[in-house]
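A.B. asks: coords please:
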Amino acid sequence: MDEIAFADATALAEKIRKKEISSVELLGHYIDRMEKYNPQINAIVVTQLDKARARAKEADAALARGENWGPLHGVSMTVKESYNIEGLPTTWGNPALKDNIATSDAVACERLQDAGAVIFGKTNVPISLADFQSYNEVYGTTNNPHDLARGPGGSSGGSAAALASGMTGLEMGSDIGGSIRNPAHYCGVFGHKPTWGILPMRGHALPGVLTPSDISVIGPLARSARDLRLAVQLVGGADDLHLPGWNLALPEPTQKTLRDFRIAVWADDNLAPVDESVKARVLQVAELAEKAGALVDYGARPDFAPDYSHDQYTNLLHSAMSARQPEDVFRANVERRRQLAPDDRSALAQVTIASSLYYREWHQHNENRTHLRWAWHEFFKDFDILLTPMCSTPAFPHDQNPQMGARTLTVNNEPRPYFEQIFWAGLTGVSYLPSTIVPTGLNDQGLPIGVQIVAREMGDYFSIEFARMVAEQLGGFVPPKAFED
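C.D. replies: Numbers count the residues shown, from 1 in each chain. Take a look at the predicted model:
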């Protein structure tokens, strides 16, 4: 196995500091792998190699002078295409934005580079960051490194695929409907959706937009839990508007072993049934902790009905997404809503209404969400973490049917609606909770399965630390066999 390609960013930074490998050599290693493997995967879709080579040389020269730029000194990495990098296109996979060239770096990218990172490229997304797959007319289709006939997830699918195939050292993605978490699950890497608002979004937005989107967050994908924590530490904290007034001080977990955690388990739900292979991994992680002596409760639930929570998520999600739509699309939704029958309760009607909410309606859903947040607050007085599935199945075959509502997934040998599984992302996302994905190894088809670890708001380090402990027992990231060399 190529140990350099599949090392985590923390280990790579240590090797650079010890001069076991230079920043220039590491970048060259990833470029060689990109040239060899990216044509099959199509994960990295934009590069700035000359700029990266110059920065890598500067990193090595600085180290020779005894300077240390930070915890990622000289480490090569990529970011999701939706981040602004000065001089590179930011299209969100939309042909209408193919000529949108960023004039500055996103705040997250600035902070990663201030910590020493060498950003050499950007990774693929679905159009408008709105699918469980990653394909678009600008850059084409990204394949899953574990099975090229399957998707890597979305919308941070290129991010997860690049990490899994050993073409980058670290990644930054974003998440409004599982867009960090489902690619991490499908590709077998670690991912973290932070508490809403603790990592600055500026520079990860459509042209001219400065207001952070509801529900949406940015966050890291990596080959280890410790890299997730490092990235949150480096990028997290107030943007310039609030920087004089507040600092991020996330609470530190006091648990020293798995047995010290109080764990709730939500392994399946009638609103979004999961395949037995996925459910088994959630239970495997729970039983691992239980055997270590942890308190594990398989029936505990917060004090609300799942369908009530999902209704708030559906309305708030599609309302937030509608802000990204062109004016003519939004107006068409408004007109369709006007023509709906009063008793229409279909899924299409629900999305149409959610995509054209009046502020008073949005405000009521937001108030309902605040009640959910307090219910979770009470729940997490008794538990440190909650274990759930991330998706209904492992990675599924490419399905680019333009009629998304007609797509299905096979769950326990039965067809289920394609978007049904967004329940597992929305259950925690709507209430701003942090969620970490830990890989649990491959199934009998050679496909990864991840488990979602949820903590209370601001409990990011608790879910990340639990993921680290679980990975120690289960092995963590497993490289795809076809790309090990």
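A.B. asks: Reduced to three states, what does D268 come out as?
C.D. replies: coil (DSSP: H, G, I helix; E, B strand; the rest coil).
A.B. asks: tell me which residues in stretch 125-142 are buried?
C.D. replies: In terms of neighbour count (16 or more other Cβ atoms under 10 Å), stretch 125-142 has its buried residues at 125-136, 138-139, 141-142. Quick note: C-beta positions are derived from backbone N, CA and C, even for glycine.
A.B. asks: Oops, could you answer that again for stretch 397-407 instead?
C.D. replies: Within stretch 397-407, the residues that count as buried by 16+ other Cβ under 10 Å are 399, 407.
A.B. asks: re the thing from before, which two among the buried residues of stretch 125-142 are spaced furthest apart?
C.D. replies: Pairwise distances across the buried residues of stretch 125-142 peak at 18.6 Å for F132 and V138 (criterion: Cβ to Cβ).
A.B. asks: can you list the domain ranges for this structure.
C.D. replies: Following automatic domain parsing, one finds the domains of the chain at 3-259+460-483, 306-377.
A.B. asks: So which of the ones you listed is nearest K279?
C.D. replies: With Cβ to Cβ, the closest approach to K279 among these belongs to domain 3-259+460-483: 13.4 Å.
A.B. asks: measure that closest one end to end?
C.D. replies: Taking Cα to Cα, to the nearest Å, domain 3-259+460-483 runs 12 Å from one end to the other.
A.B. asks: roughly how far out does it sit from the chain middle?
C.D. replies: Distance, stretch centre to chain centre, for domain 3-259+460-483: 10 Å (Cα atoms, centre = their mean, to the nearest Å).
A.B. asks: How about stretch 271-280?
C.D. replies: Centroid separation between stretch 271-280 and its chain, computed with Cα atoms, centre = their mean, is 20 Å.
A.B. asks: mind saving the C-alpha coords of it as PDB?
C.D. replies: Taking C-alpha atoms only, stretch 271-280 is exported to PDB below (Å, rounded to 0.1, in the frame of the first residue of the first chain):
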ATOM      1  CA  LEU A 271     -39.900   7.100   7.900                       C
ATOM      2  CA  ALA A 272     -36.700   6.000   6.200                       C
ATOM      3  CA  PRO A 273     -36.000   2.300   6.500                       C
ATOM      4  CA  VAL A 274     -32.400   1.300   6.300                       C
ATOM      5  CA  ASP A 275     -30.800  -1.800   4.700                       C
ATOM      6  CA  GLU A 276     -30.000  -4.500   7.200                       C
ATOM      7  CA  SER A 277     -26.400  -4.200   6.300                       C
ATOM      8  CA  VAL A 278     -26.400  -0.600   7.400                       C
ATOM      9  CA  LYS A 279     -28.400  -1.200  10.500                       C
ATOM     10  CA  ALA A 280     -26.000  -4.000  11.500                       C
END
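A.B. asks: now that stretch: mean pLDDT?
C.D. replies: Averaged over stretch 271-280, pLDDT sits at 98.
A.B. asks: That stretch: which residues count as buried?
C.D. replies: 271-275, 277-279.
A.B. asks: Which per-residue confidence value corresponds to K15?
C.D. replies: With respect to pLDDT, K15 has a value of 98.
A.B. asks: Can you tell me the element it falls in?
C.D. replies: Using DSSP states H and E, K15 sits in helix 9-17.
A.B. asks: moving C-terminal of that helix, what's the next helix or strand?
C.D. replies: helix 23-41.
A.B. asks: Dump the C-alpha coordinates for that next one into CSV.
C.D. replies: Taking C-alpha atoms only, helix 23-41 is exported to CSV below (Å, rounded to 0.1, in the frame of the first residue of the first chain):
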residue,chain,number,x,y,z
SER,A,23,6.4,19.6,0.9
VAL,A,24,7.4,19.6,-2.8
GLU,A,25,7.8,15.9,-2.8
LEU,A,26,4.4,15.4,-1.1
LEU,A,27,2.7,17.6,-3.7
GLY,A,28,4.5,15.8,-6.5
HIS,A,29,3.3,12.5,-5.1
TYR,A,30,-0.3,13.6,-5.1
ILE,A,31,0.0,15.1,-8.6
ASP,A,32,1.4,11.8,-9.9
ARG,A,33,-1.5,9.9,-8.4
MET,A,34,-3.9,12.4,-9.7
GLU,A,35,-2.5,12.0,-13.2
LYS,A,36,-2.7,8.2,-12.9
TYR,A,37,-6.0,7.8,-11.2
ASN,A,38,-8.2,10.9,-11.6
PRO,A,39,-9.2,10.0,-15.2
GLN,A,40,-11.0,7.0,-13.8
ILE,A,41,-12.6,8.8,-10.8
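A.B. asks: Can you name the next helix or strand after it?
C.D. replies: For helix 23-41, the following helix or strand on the C-terminal side (DSSP H and E) is strand 44-47.
A.B. asks: Show me what that next one is packed against.
C.D. replies: helix 23-41, strand 118-123, helix 157-164 (3 or more Cβ pairs under 8 Å, 6 or more residues apart in numbering; DSSP states H and E).
A.B. asks: so of these, which one's packed in deepest?
C.D. replies: Most buried of those, by mean neighbour count (mean count of other Cβ atoms under 10 Å): helix 157-164, with a mean of 35.
A.B. asks: List the neighbouring strands of the helix or strand just after that one plus their orientation.
C.D. replies: Per DSSP H and E, the first helix or strand lying C-terminal to helix 157-164 is strand 171-175. Strand pairing for strand 171-175, determined by DSSP bridges: strand 217-222 (antiparallel).
A.B. asks: Next, the angle from the strand it pairs with to strand 118-123.
C.D. replies: Relative orientation of strand 217-222 versus strand 118-123 (axes from the mean of the first three to the mean of the last three Cα atoms, to 10 degrees): 110 degrees.
A.B. asks: Sounds good, over and out.
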